[in-house]
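Trainee: Sequence and predicted structure below; questions after.
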Amino acid sequence: MHRGWGHWGGPWSGWQGMGGRWGRFFAPGELRLALLSLLEDGPKHGYELMKTLESRTGGTYRASAGAVYPTLQQMEDEGLVTSEQRDGKRVYQITEAGKAECARNAEAIKQLWERAGGWDDWRDFVGPHMAAMAGPAAHVMKAAVRAAARSRDDPDKTARIFTILDQARRDLDSIS
């Protein structure tokens, strides 16, 4: 399972995006790989990298300077990127060692961008208002799973759970 996707094929279980509380958008080490892979396309300054990350995730992940710049500095210290001042901005460029790191982690990079691209499907459903709804929805799901586990051997109770969930869905769908 990839962090950020959970067991149900959607991003909610690991969503941090705009105020979520269940996890981080990128698992440990993935921001580093994402930045390296973006630099394979050519030199970029930090703000460009942050905007590209946001774009590649359908706008659902907004990288902070507090996450990006220390990661870039660490990669520079490790010789994976170099930087120089150009037109008043620090521009980062991948080194041969950075390209080798990308090659060693090609599958992980492919998977993280596939997962990040899936967030685009959720773009219209995220934001502060939707983040407030995610908690209660998760509690309902958790209660349904607990009830299902307790009633596993009782078809009547299982049917009742389905009825309750289906009614909740219909009630929610009727709100316009």
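Mentor: All right, it came through fine. Numbers count the residues shown, from 1 in each chain.

Trainee: When you work out contacts or count neighbours from here on, use the C-alpha atoms and nothing else.
Mentor: Will do.

Trainee: measure the residue most central in space within the chain to residue 53 for me?
Mentor: Central residue of the chain (C-alpha atoms, centre = their mean): residue 25, 3.2 Å from the mean position. Per C-alpha to C-alpha, to the nearest Å, residue 25 is found 11 Å from residue 53.

Trainee: Which neighbours do the two have in common?
Mentor: Common neighbours of residue 25 and residue 53, using C-alpha atoms under 8 Å, 6 or more residues apart in numbering, are residue 61.

Trainee: hey, C-alpha coordinates of the helix ranked longest in the chain in PDB?
Mentor: The helix spanning the most residues in the chain, taking DSSP state H as the definition, is helix 128-150. The C-alpha trace of helix 128-150 is given here as PDB (Å, rounded to 0.1, in the frame of the first residue of the first chain):
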ATOM      1  CA  PRO A 128     -10.900  23.300   3.700                       C
ATOM      2  CA  HIS A 129     -14.700  22.700   3.500                       C
ATOM      3  CA  MET A 130     -14.100  19.100   2.200                       C
ATOM      4  CA  ALA A 131     -11.400  18.500   4.700                       C
ATOM      5  CA  ALA A 132     -13.900  19.200   7.500                       C
ATOM      6  CA  MET A 133     -16.200  16.600   6.000                       C
ATOM      7  CA  ALA A 134     -13.500  13.900   5.700                       C
ATOM      8  CA  GLY A 135     -13.200  13.300   9.400                       C
ATOM      9  CA  PRO A 136     -16.900  12.600  10.000                       C
ATOM     10  CA  ALA A 137     -17.100  10.500   6.800                       C
ATOM     11  CA  ALA A 138     -14.100   8.500   8.100                       C
ATOM     12  CA  HIS A 139     -15.800   7.900  11.400                       C
ATOM     13  CA  VAL A 140     -18.900   6.600   9.700                       C
ATOM     14  CA  MET A 141     -16.800   4.200   7.600                       C
ATOM     15  CA  LYS A 142     -14.900   3.000  10.700                       C
ATOM     16  CA  ALA A 143     -18.200   2.400  12.500                       C
ATOM     17  CA  ALA A 144     -19.500   0.500   9.500                       C
ATOM     18  CA  VAL A 145     -16.400  -1.700   9.400                       C
ATOM     19  CA  ARG A 146     -16.600  -2.400  13.200                       C
ATOM     20  CA  ALA A 147     -20.300  -3.300  12.900                       C
ATOM     21  CA  ALA A 148     -19.600  -5.600   9.900                       C
ATOM     22  CA  ALA A 149     -16.800  -7.300  11.800                       C
ATOM     23  CA  ARG A 150     -19.100  -7.900  14.800                       C
END
